[in-house]
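Undergrad: give me the fold of what follows.
(2 chains)
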Amino acid sequence: MDFGLSPEQRLLVDTLRRYLEEEAPWGRVRDIMRRDTAHDPLLWQGLAALGVPGVLVPAAYGGSGLALLDAVLIAETLAQGALPVPFLGSAVLAPLALLAAGTPAPQQAWLPQLASGRACIGVALAEQVGGREGAGMVLRDGRLFGKALFVLDAAAADAFLVATREGDLVLVPREAPGLRLTLLPTVDETRRLGELVCEAAPADCLGSRGEGEAVIARLLAAAWLVLAAEILGASERALDMAVAYAKERRQFGRPIGSFQAVKHSVRRDGGGAGAGAFASLVRRLRF
Amino acid sequence: MTAAGALDDPVLCDRLVQLQGQVLAMKYHALRLLTCALKGEPAGVAGLIVKLNGCQLNHDLCALALEAMGELGVLYHRAKYERARGAWMYQYLFSLGLIIGGGTAQIQKNIIGERGLGLPREPRGEEKR
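TA: Numbering: from 1, shown residues only, chains lettered A, B, ... in the order given. Presented below is the predicted three-dimensional model:
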């Protein structure tokens, strides 16, 4: 019985972590955060050589053809470095949607580009959980109407995957007439969320009309898993940094980590148990 | 979820009422301290808890506001749809600084224990080799 990671998964994580230490130290992360798009195409394409953008894309389309657990492990590792990359939208949700709902034509048009890191797709799913400020989109005669808020990976997107009020999954190019994107800055400067407003923007439905509900439900579940993995990764790194600091910072004549109050605030074992349990959970979920 | 909708959530409502109780307690505690000051009486341990409780309460109030706002709470830097000009997020982060600065919460608890309740002082530790 083995609820741990496979040697291949361990290798993937270690290789990625070492690559990020070399290629994306804090200085580069901060530089990318300062860009309007918070996106560095060179970094994303560099990660394509490690199979990161194409983790869920089948090998036939130029990807690694791996499973959601592998994507979750990557998400956790990327978040340890607070990487400003469009992983959630372009490497997880868009490929899942194209594979589950799309026909060969959009798959061929987008999957190889996504896997190589040359294209990005923003994702509008927030209204499926709850519409704020009157947001929601509808598809009428091949055209999108309405607005979507909190669009993921909006700034560098070449197209947007939109879930409509009626349960359709729609793909609309960024250059479509009648489409307006406004970036929404948040407290997290590693990601640029957006507001998408469409006024008769020509768009293509992925799959048949009114049959996207089941796929949308899977997308939401996958998104929550990836976001949970990101929170875990960021927390792990924050914990490591706090512990390292507590060992070296001296005050009142000794390292501050020697004070019981500091020790009790920093629960090392809790962090380790969390990561292992999370991996076991994801392994058991069927996708 | 509008502001009225948030109050309909029993969990959020319960947290709000609990915080309201703590705010009232701090208010009446302050009146007690004021009375001691006017009478020239020492406040004792009562005077030592204000910074600890006040800073934490401030932080908890902001945390509740952000949760009640949901996704809108993460908007910042004058984003479209930002609520209250981002004040809740700003205060949430700034109040964490206040908990740490001017004597951390942990130091405050030591002071309350040692000077307020007369507990034995922590031994001055020797340098560990």
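Undergrad: tell me the centre residue of chain A?
TA: The centre of chain A sits closest to A:Leu88, judged by Cα atoms, centre = their mean, with a distance of 1.6 Å.
Undergrad: tell me who's in contact with that one.
TA: A:75, A:123, A:152-153, A:223, A:226-227, A:230 (Cβ atoms under 8 Å, 6 or more residues apart in numbering or on different chains). Any C-beta I mention is one placed from the backbone N, CA and C, and that applies to glycine too.
Undergrad: try it again with 10 Å
TA: Residues near A:Leu88 by Cβ atoms under 10 Å, 6 or more residues apart in numbering or on different chains: A:71, A:75, A:78, A:94, A:123, A:152-153, A:191, A:222-223, A:226-227, A:229-230.
Undergrad: ok, B:Gly70 - contacts?
TA: Shown in contact with B:Gly70 (Cβ under 10 Å, 6+ apart): A:126, A:129-130, A:132, A:150, B:1, B:5-6.
Undergrad: now it: how far from A:Gly131?
TA: 11 Å (Cβ to Cβ, to the nearest Å).
Undergrad: cool, A:Leu73 as well?
TA: For A:Leu73, the distance to A:Gly131 equals 33 Å [Cβ to Cβ].
Undergrad: same check, this time on A:Leu111
TA: Per Cβ to Cβ, A:Leu111 is found 30 Å from A:Gly131.
Undergrad: then B:Gly103?
TA: The spacing between B:Gly103 and A:Gly131, counted by Cβ to Cβ, is 45 Å.
Undergrad: these two: which is more packed in?
TA: A:Gly131 (17 against 14; other Cβ atoms under 10 Å in any protein chain shown).
Undergrad: mind checking which helix or strand the more buried one is in?
TA: Using DSSP states H and E, A:Gly131 maps to neither a helix nor a strand.
Undergrad: which residues touch it?
TA: A:Gly131 sits next to A:137, A:146-149, A:165, B:1 when contact means Cβ under 10 Å, 6+ apart.
Undergrad: if any of the residues you listed are buried, give me the PyMOL selection for them.
TA: Applied in PyMOL, the following selects the buried portion of the contacts of A:Gly131 according to 16 or more other Cβ atoms under 10 Å in any protein chain shown:
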select buried, (chain A and resi 137+146+147+148+149) or (chain B and resi 1)
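Undergrad: with respect to pLDDT, which of the contacts of A:Gly131 ranks lowest?
TA: pLDDT across the contacts of A:Gly131 is lowest for B:Met1, at 43.
Undergrad: so how many other residues sit close to residue 60?
TA: Using chain A. Residues near A:Ala60, counting by other Cβ under 10 Å, number 11.
Undergrad: please refer instead to chain B.
TA: 16.
Undergrad: ok, the nearest residue to it once chain neighbours are set aside - contacts?
TA: Spatial nearest neighbour of B:Asp60, chain neighbours left out: B:Leu19 (6.0 Å); criterion: Cβ to Cβ, 6 or more residues apart in numbering or on different chains. B:Leu19 is in contact with B:57, B:60-61, B:63-64, counting by Cβ under 10 Å, 6+ apart.
Undergrad: A:Ala115 contacts A:Pro53, doesn't it?
TA: Yes - the pair A:Ala115 / A:Pro53 is scored as a contact, 5.8 Å apart, by Cβ atoms under 10 Å.
Undergrad: give me the common contacts of these two.
TA: A:62-64, A:90-91, A:95.
Undergrad: so, in contact with chain B or not, the longest helix along chain A?
TA: Ranked by residue count under DSSP state H, the longest helix found in chain A is helix A:213-248. No - residues of helix A:213-248 contacting chain B under Cβ under 10 Å from any Cβ of the partner chain: none, with a closest distance of 11.4 Å.
Undergrad: so what does that helix touch, helix or strand wise?
TA: helix A:68-80, helix A:94-101, helix A:126-129, strand A:159-163, strand A:169-173, strand A:254-255, helix A:260-265, helix A:268-284 (3 or more Cβ pairs under 10 Å, 6 or more residues apart in numbering or on different chains; DSSP states H and E).
Undergrad: what angle separates the fourth one from strand A:169-173?
TA: In other words, strand A:159-163. Orientation check (axes from the mean of the first three to the mean of the last three Cα atoms, to 10 degrees): strand A:159-163 against strand A:169-173 gives 160 degrees.
Undergrad: now strand A:159-163: average pLDDT?
TA: Here the average pLDDT along strand A:159-163 is 98.
Undergrad: what pairs with it, and is each one parallel or antiparallel?
TA: The sheet places strand A:159-163 alongside strand A:121-124 (parallel), strand A:169-173 (antiparallel), with pairing taken from DSSP bridges.
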